[in-house]
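Trainee: what shape does this take:
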Amino acid sequence: MARNREDLDKLAAGFPSVDILQLDTPNDEAPQTVFRAVLPDILVIAASAFPPTGPLGELKWEDFAMALG
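Mentor: Below is the predicted model:
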């Protein structure tokens, strides 16, 4: 998941078994969009920010959005 389609296409070319999704993570609809598109085993959010850590089920999306936005 990333904003830049070109970078995602490069990633997909190197890892054909990886699902990619172009999306702006600070968007409030981002979580629903991800989980409607795929059911990930792992979801990596990397935007040069350090969101809160902990069990995924205990974290709030607002905390991620604040760290990224």
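Trainee: top helix in this structure by residue count?
Mentor: For the chain, the helix with the greatest residue count under DSSP state H is helix 5-14.
Trainee: just give me the neighbour total for Ala30.
Mentor: Residues near Ala30, counting by other Cβ atoms under 10 Å, number 19. (Each C-beta comes from the backbone N, C-alpha and C, glycine too.)
Trainee: quick check: the residue nearest to it when sequence neighbours are not counted vs Glu58, distance?
Mentor: Of all residues beyond its chain neighbours, the one nearest Ala30 is Leu23 (5.6 Å), with distances taken as Cβ to Cβ, 6 or more residues apart in numbering. As judged by Cβ to Cβ, to the nearest Å, Leu23 and Glu58 stand 23 Å apart.
Trainee: which parts of this protein are strands?
Mentor: Counting by DSSP state E, the chain has no strands to list.
Trainee: by mean pLDDT, point me to the weakest helix or strand of the protein.
Mentor: Lowest mean confidence among the helices and strands of the chain (mean pLDDT, DSSP states H and E): helix 61-68, at a mean of 69.
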